[in-house]
Every structure is written in C-alpha cells, then in structure tokens.
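*Asks:* sequence first, predicted coordinates after that:
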Amino acid sequence: MFAPEIYVERRKQLKSQVSSGILFFPGNGEMPMNYAANEYRFRQDSNFLYYWGLDKAGLAAVIDLDKDKEILFGDDRPVEDTVWMGPEAPFADQAALAGVSLTRPSGDLAGYLDYAINTGRKIHYLPPYRAETKIWLEDLLGIRNNKTTAHWSREFNFAVIAQRSVKTAEEVAEIEKAVEISYEMNTTAMKVIRPGIYEREVWGVVEGITLSKGSGISFPIIFSVHGETLHNHYHGNLMKEGQIAVLDSGAESLEHYASDITRTFPVSGKFTPIQKDIYNIVLNGQMAAIEATRPGVFNKDVHLLAAKTMAEGLKGLGIMKGNIDEAVDAGAHALFFPHGLGHMIGLDVHDMENLVENFVGYDEEIERSEQFGLAYLRLGKKLQSGYCLTIEPGIYFIPELVNQWKSENKFTDFINYAEVEKHLGFGGVRIEDDILVTETGSRVLGKPIPKTVDEVEEFCAKQG
C-alpha cells in the first residue's frame, strides 16, 4: 500500500466532486474455479484499491458526503480460518493503513444502507461488472439485478474518471515497476524462442516471470506465430523457421499497476527481408505517434498520423496505392491496421474500462467514430499531462478480411489485392510501449525494451 495520507487525499478530492449522498464501494469477493473451496487468484476491484488500498476479499466501504464520514466494513479473521490461512492484523489496524478510523462488521452493511435508503438518502455506486456484485447490489439496494447497470451514478462515475485519469508521481513509479518486469519478460522470450518448440514453452516462462517479480499478469498473455489474430490466446502451435511471433503481455506491480508491452520477433532469430520491411513500417508509425503525443492533442489525430505513416510505407511496397490521405480518410488502411492506436493504462490494463469506455476515452468535444478500425480506438479525446497510455500500431494480413474486402471490390483505388495476396501467410507485426504525457510532450516509461530490428535480432542471438 501507499502511505495512508495518499488514500486520505484521494478521498478528499473525490468528496469535493460529488454533491451529496453516500458513495458505496463494494469490494470484490473470492471467485471459485470449479468448486467453492478452489478459488481463482484474488484480484481486488481497482476503484476500491485506488481509494482504500486494502487488497483483501469481503470488504466494502462508504463515504457519507453529508456527514463527512468514511466507514470500512469488514471482519477480523476467525480462529477457524486462521487454522488454514494463518493470522492477520486486526481489521481496525488494516483500516488505519488506509487512513480510516471508523470500521464496522460486514454484517452491519445491509442495515446501514437500508436505513439510508429509508430516510431518503441517495446511494451512489459505479457500474458493476461482476455478476456477483450485481446480485449483491440487488440484495443491498433493492434494485433488480437486470437494472443495476441502469441505476449507477453518473456524477460518481465522472468524478472517478477525472481523478484516476491523471496519474500522480507514485502511480507513474508503479507503472514503471511493471514495465521493468515487462523488460525481463520480453528479453527472456527473445532468448528462449527458436524453431521446433511450442508457443506454450515461451508463454509459460514469460508468465512465470510476472509471478516471481510482481502480482502476476495484467491480462492473459497473447503470444502466437499467428499475430494476425489480434487477441490470440492459443499457445499450441509448433514454431517453425521463418515465422515471426507477436508477444503482447503485461505485468502488475505489487500495488497492481499494469504494464502492457508488445514486441514482435523472428522465431529463427533473423527477420526475412519482407518481415524487416513491414516491421520498420510499423516502427516508423509508432515513433511518429510517440513524437506527436503531447498535451492538447486529440489522440484520434495521433492514431490517424500513425495510420498514414504506415499506409505510406505500404504504398512503397506496392501493397497500397493512390492518395494516402484519401485512403486513410476512407478507412482503406484498416485492412492492415484494424484496431486503435492505444488506451489508458493504470490500475487496469485498459484503465477504467468498467466505468464505460466511451466516457473514459471520449467526451463532449469528440465522439467515437463508427468507421471500421477507427471505431476500435479506445482513447480519442485530448491528451492531458499526467495521462498514461499505450501506443501500439500494427500491420496484419488477415486472410478472411482480405478475401471479404476483395470479393466486395472494396477500396480498389487504394489497395493492390494482387500484391496483398502474396503475403497472406505473413501473420502480423505489432509494437507497443507505455507512455506518460508530460507538460511539454511525452516519454516512454521504464527501461527501454529492445525495439529496432538490430536490437531484437541481437537479443534473439543470446539464446540460452
């Protein structure tokens, strides 16, 4: 946990942004895998972590805005559980670590909220994302389960988004700790990869690093020689000479702040000429986007800059043609770059996505596009100093998408399908770093992870 004063200040800032009523924070509970006593690894709700810090199941908290009270609901561990799990500090001592002096048993929560509702108090809660939390809210607040997502507090939600979007120095330091783990994850994968082994042999080593260095993975690892499948969680392919593999992975620091890094590297240790060409086009797109990232710039415009940079590169290879500005405006580039440039990152790898993505990444100044590819851009609004985000352009050759667009004669003024079809077994290239928007520009977070062709091939040569 951070120092108690940090949580006190976070809650103080939040209280100044919501008018009245009770802010309700349901913590996460344990989740069974295949029977009740066999549980998934616990992960606390990120909003609960941000404001209260306690990484423990079975908690809840409230802020009474009108009475200026903060209460944590939880229990001391009974002796019966201590036999299996060991002793822990009294709950009151745990609450003190969050700067909270008032605690009550978890059994008091229902009565507390019921009394507040019956006396006309408004209960604010954030959009629930777990089925168990929706059921809990139904029991506590008397809101039907299928209506809990309709009654969450917009005022509360927007206040949290505004606060969590701008990262403090302590938060940036935690993200950099996670990126340090990512450095080891990626450089180790480059050293381990070789023809004749299965993807899972690399995947297992990479995930093991996150467990030994931090709090585990920040999202399920994407690692595949079929990088054209953007979220490929299958790790059963036998890797072969001449293939390239995409590793999109991240770690959590001990305080649960995330990293999200992607590197693409050759299975055999050396890129082929066409792999090198495509890789450098993606790298140029990423570097142009990083250079353009600064306060006051719409991230949508940074995305389009990366798209145009890569489309120009593809035109140089004869894969695209025509006026590139017109091609990107029409969305023709999305055949090769069908996703967004990046997203917020923090306590969640897609930071605050549970608070409604359009409210996190867009605002009254800019609406989300409905154009294929651009519609997947999670962050389009103006950047501010203190934002942490990913920049992750890519180029992919997706046979099913190519075949569909070709059969529809789609964008024939901009796409050379005869040339595209020569590369249908290519796979994909994606390069991603985590970025802090500074007062004057931006900087890449953490220790630089090998990224140029020469750097990647150098690390691949260090196999062992």
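*Replies:* Perfect, thanks for sending it. Numbering: from 1, shown residues only.

*Asks:* avg pLDDT for stretch 343-359?
*Replies:* Taken as a whole, stretch 343-359 carries a mean pLDDT of 97.

*Asks:* contacts only, for A96.
*Replies:* Residues near A96 by Cβ atoms under 8 Å, 6 or more residues apart in numbering: P4. Heads up, the C-betas are built off the backbone N, CA and C, glycines and all.

*Asks:* go through the helix or strand encompassing it and flag the buried ones.
*Replies:* Element membership for A96 (DSSP states H and E) is helix 91-97. Across helix 91-97, burial judged by 16 or more other Cβ atoms under 10 Å covers F91, Q94, A95, L97.

*Asks:* let me know the pLDDT of the first one.
*Replies:* The predicted local confidence for F91 comes out at a pLDDT of 97.

*Asks:* that one is in contact with G74, isn't it?
*Replies:* Yes - contact criterion Cβ atoms under 8 Å: F91 and G74 qualify, at 4.9 Å.

*Asks:* between those two, which contacts overlap?
*Replies:* With Cβ under 8 Å, 6+ apart, F91 and G74 have common neighbours T103.

*Asks:* ok, now how distant is N28 from S212?
*Replies:* Distance of N28 to S212, computed by Cβ to Cβ, to the nearest Å: 24 Å.

*Asks:* more neighbours: those two, which one.
*Replies:* N28 (20 against 10; other Cβ atoms under 10 Å).

*Asks:* which residues of the stretch 301-450 of the chain fall in strands?
*Replies:* For the stretch 301-450 of the chain, strands defined by DSSP state E, counting those that start in this stretch occupy the ranges 388-391, 394-396, 428-430, 433-437, 442-444.

*Asks:* could you report the distance from the residue nearest to T390 when sequence neighbours are not counted to V437?
*Replies:* Of all residues not flanking T390 in the chain, G342 sits nearest, at 3.8 Å (Cβ to Cβ, 6 or more residues apart in numbering). In this view, G342 and V437 are 12 Å apart by Cβ to Cβ.

*Asks:* any stretches of the protein with poor pLDDT?
*Replies:* 464 (pLDDT under 70).

*Asks:* centroid residue for it?
*Replies:* Geometric centre of the chain, nearest residue: V349, 2.0 Å, by Cα atoms, centre = their mean.

*Asks:* give me every residue that touches that one.
*Replies:* Contacts of V349 (Cβ under 8 Å, 6+ apart): S218, F219, G250, A258, D260.

*Asks:* count of neighbours near the nearest residue to L314 once chain neighbours are set aside?
*Replies:* Sequence neighbours aside, M320 is the residue nearest to L314 in space, at 4.3 Å (criterion: Cβ to Cβ, 6+ apart). Using other Cβ under 10 Å, M320 has 25 other residues around it.

*Asks:* how much space is there between M320 and K382?
*Replies:* 30 Å.

*Asks:* all the helices of the stretch 201-350 of the chain, residue numbers only.
*Replies:* 273-292, 299-316, 324-330 (DSSP state H, counting those that start in this stretch).

*Asks:* now, which of the contacts of V349 sits nearest I193?
*Replies:* G250 (18.6 Å; Cβ to Cβ).

*Asks:* next, the contact list for that closest one, please.
*Replies:* A178, S182, I217, S218, F219, A258, S259, D260, I261, V349.

*Asks:* try 10 Å
*Replies:* 178-179, 181-182, 185, 210, 217-222, 258-262, 345, 349, 390, 432, 434 (Cβ atoms under 10 Å, 6 or more residues apart in numbering).

*Asks:* now, of those residues, which are buried?
*Replies:* Counted by 16+ other Cβ under 10 Å, the contacts of G250 give 178-179, 181-182, 185, 210, 217-219, 221-222, 258-262, 345, 349, 390, 432, 434 as buried.

*Asks:* can you list which of those are found in strands?
*Replies:* Among these, DSSP state E puts I222, I261, T262, T390, D434 in strands.
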